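*Asks:* Quick one, structure for this:
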Amino acid sequence: MLYSGDKPNPDLRPFVDAHLESRPFDPDSDAYQVPEFTRSIRTNKNSHIYSMHAYHLGKKPVDAIEAYIRHYTERGDLVLDPFCGSGGTALAALMNGRKAVAIDASPAATFITRFYLSRCDPDDLERRFSSLCAKVAVEMEYLYRTTCHRCGSPGTIHYLIYSNVYECPECGRHTTYFEAALRRPAACPACGTAITPYLGTRGSEPVAVNFTCSGRCIPKRTLRSVLGSREERLAFQRIDLARIAEIDKEPVAYPYPQQFMMNVHDSAVPWGDEWRPSRNFRRVADLFTVRNLRALGAFMQAAGRDEDLRAVITSGMFAVSRKAQHLSGGGGYIPGNWALPPMSKQRNVLESLTTVFRRIVKAKRTLNKWVVTQDARISTQSAVSLSEIPSGSVDYIFTDPPYGGAVQYGELNFVWESWLGLNTDWHHHEIIVNNTRNRSLEDWAGMMFQAISECFRVLKPGRWLSLCYHDGSSLTWRHVQDIMSRAGFVTQDSNEATVIDTGSNTYNQRVADKLVKRDLVINFRKPEKYESRNAAYEAGIEEFHEIAVSIITAYLSAHPGSTKDRIYDHVVNVLVRRGCMRRHNFEKLLNRVAFTNRGHAWFLKESVL
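*Replies:* Residues are numbered from 1 along each chain as shown. Below is the predicted model of the structure:
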């Protein structure tokens, strides 16, 4: 059984036992001697496989993980990822003839992993999707029909623009961001005062519709808005606003999630760390306009229990939600948080899911050629206990664990899990830093230690664990260092940071002076039975500063003109490997080096201070 839904996989233990039976392991005669993988990888996220299903920030391209798996393992070896996310490690393993165990506490994560790993006939998937679209065709025509104001012919809506309304802090006039954005920068049309999304909204309202006329109008596709000609403005009120009011007052005839976000019913308190006044949707359904809520409900009901079709729908779900931003050049949505844009694009759900499906079926055709085995098990469970995996049975671990509180997986996955009817009780044992749920960094570190200790137990002696991590907090890195050491793992000294660089940073990373722009990978090894472990080292604060300064100085001497983020990668890599990471202010250390050595050839550029 590849996948068992939102429960632990009962076939996990038999699967691993069968692996051990077919490939018995004797530590006394084991000849495994593989050196550390030390090559940085530059790749990108621009593949149909990567984007087959939407997940959150930090998902690693499969080709990067493949390089590690090919280096550390042989065909038939067993690869584990205890924090599998959307299943990249397991997929990379299967593409290279390895066996895989993929574990995650989130049922949304394992549901998406199943979609990546499971074989299906792409032609049959196309037939099923066509049948799905046919079942909802009448409802889609009803929901997205309009009338052309130029010739009176029927039209098909491609999207509507909804805009936040703001009160001008100077003159008090209420204005939509759609109207304010006519100026650069956005400003009140009455007095010219700057209008920003940080002012606090006074609601949201529809301001424009983009549709195609079925008559003889040229051009056929047009935008009708509240800022158009008098004829367009009147038509927008008469046709579009009236149609929205009609749909909004009709009951939604299809099942849809009734849950409050994170099951928090009290509207006076935040439902999570992702909550903001600007993100104040209280129920899952509030994330969608009534029109698109109804469309999604129709699709999900028509899909029934077909897990592949349900995966297609969830893959396109955020693109048809209020997260979808309207930009002059198109739009998308920002993954990894619940930020709602000042102008959202209510897309035609049928058109959006069709676009998503084209990408998915292309990926499935590729995967049918590249995936050479189906030897995998997916289990929905916490990584703090891997009791169904025998000790010393795993050949390699590649994992990308939760980065403290940087990505709130439980809060972000809640919408998918609600639509899919999955159990969300896992929030009670999520490994996360979350102030709303009183989960501290110490709580995170304690549970991470349990999970890493389990990884140490199940890994064969002499084998490797590659930890892919992305965090700008020295305190969190200190915890990572201590967790790995206490669990029993050892590292090798290395002066070169090994990273996975996708070259596609977030907007904030591109425009701001951020420390972390790549994923640092540190390889840890489980020592042999009689091998000595790394000695613990606790430097005093002054000694630590001297050590860190010497590391920065040596790196800049060898790499003059390096940017701050690359220096940070190097410093973290060296300090964690040496076991002497302490909480510190990296900016102050960097300034200390720069101002002490002003005038030298490797002097740090002012632009990166």
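*Asks:* from here on, contacts and neighbour counts on C-alpha atoms
*Replies:* OK.
*Asks:* buried residues in stretch 230-240?
*Replies:* By 16 or more other CA atoms under 10 Å, the buried positions in stretch 230-240 come out as 232-236, 240.
*Asks:* can I get the residues you listed in TSV with pLDDT and distance to residue 477?
*Replies:* What follows is the buried residues of stretch 230-240, written out as TSV (pLDDT from 0 to 100; distance: CA to CA, whole Å):
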residue	pLDDT	distance to residue 477
232	96	57
233	96	56
234	97	59
235	97	58
236	97	55
240	97	53
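*Asks:* Show me where this structure has its strands.
*Replies:* Using DSSP state E, the strands assigned to the chain run over residues 41-42, 78-81, 99-104, 145-147, 154-167, 174-176, 201-213, 221-225, 343-347, 376-380, 394-399, 459-469, 499-501, 519-525.
*Asks:* pLDDT (mean, whole number) over stretch 180-193?
*Replies:* Averaged over stretch 180-193, pLDDT sits at 92.
*Asks:* cool, and stretch 315-325?
*Replies:* 95.
*Asks:* For it, measure first residue to last.
*Replies:* End-to-end distance for stretch 315-325, by CA to CA, to the nearest Å: 17 Å.
*Asks:* per-residue confidence at residue 335?
*Replies:* Predicted confidence (pLDDT) for residue 335: 81.
*Asks:* what separates the nearest residue to it once chain neighbours are set aside from residue 112, distance-wise?
*Replies:* Leaving out its chain neighbours, the residue that sits closest to residue 335 by CA to CA, 6 or more residues apart in numbering is residue 56, at 5.4 Å. Per CA to CA, residue 56 is found 12 Å from residue 112.
*Asks:* which one of those two has more residues nearby?
*Replies:* For residue 56 versus residue 112, the count of surrounding residues by other CA atoms under 10 Å is larger for residue 112: 23 against 16.
*Asks:* what's the distance between the residue nearest to the more buried one when sequence neighbours are not counted and residue 394?
*Replies:* Sequence neighbours aside, residue 86 is the residue nearest to residue 112 in space, at 5.4 Å (criterion: CA to CA, 6+ apart). Plainly put, residue 86 is 20 Å away from residue 394 if you go by CA to CA.
*Asks:* what do you get for residue 585?
*Replies:* 38 Å.
*Asks:* out of these two, which sits in the busier spot?
*Replies:* residue 394 (27 against 12).
*Asks:* Bridged to the more buried one, which residues?
*Replies:* Bridge pairing for residue 394 (DSSP bridges) gives the partners residue 459.
*Asks:* What about residue 199, how many residues nearby?
*Replies:* Per other CA under 10 Å, the neighbour tally for residue 199 reads 14.
*Asks:* Tell me the backbone dihedrals of the residue of the chain most remote from its centre, please.
*Replies:* Taking CA atoms, centre = their mean, the residue of the chain most remote from its mean C-alpha position is residue 151, at 45.3 Å. Torsion angles at residue 151 (phi, psi; degrees, to the nearest 10) stand at phi -130, psi -10.
*Asks:* likewise residue 491?
*Replies:* phi -130, psi 160.
*Asks:* Contacts only, for residue 8.
*Replies:* Contacts for residue 8 (CA atoms under 8 Å, 6 or more residues apart in numbering) come out as 379-381.
*Asks:* one step back: quick check: of the buried residues of stretch 230-240, which lies closest to residue 179?
*Replies:* Closest approach to residue 179 among those (CA to CA): residue 233, at 13.3 Å.
*Asks:* So that closest one sits against residue 224, correct?
*Replies:* Yes. Counting by CA atoms under 8 Å, residue 224 is a contact partner of residue 233 at 7.5 Å.
*Asks:* quick one, helices of the stretch 301-450 of the chain?
*Replies:* Under the criterion DSSP state H, counting those that start in this stretch, helices of the stretch 301-450 of the chain are mapped to 307-315, 349-370, 409-420, 441-458.
*Asks:* need those helices in TSV with distance to residue 203 and mean neighbour count, can you?
*Replies:* TSV is the format used below for the helices of the stretch 301-450 of the chain (distance: least, CA to CA, whole Å; neighbours: other CA atoms under 10 Å):
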stretch	distance to residue 203	mean neighbour count
helix 307-315	27	21
helix 349-370	23	18
helix 409-420	22	21
helix 441-458	36	21
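*Asks:* okay if I get the ones you listed as CSV plus distance to residue 494?
*Replies:* Shown next, in CSV, are those (distance: least, CA to CA, whole Å):
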stretch, distance to residue 494
helix 307-315, 40
helix 349-370, 34
helix 409-420, 32
helix 441-458, 22
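*Asks:* okay, now residue 332: neighbour count?
*Replies:* 15.
*Asks:* Please read the previous query as pertaining to residue 546.
*Replies:* With other CA under 10 Å as criterion, residue 546 counts 14.
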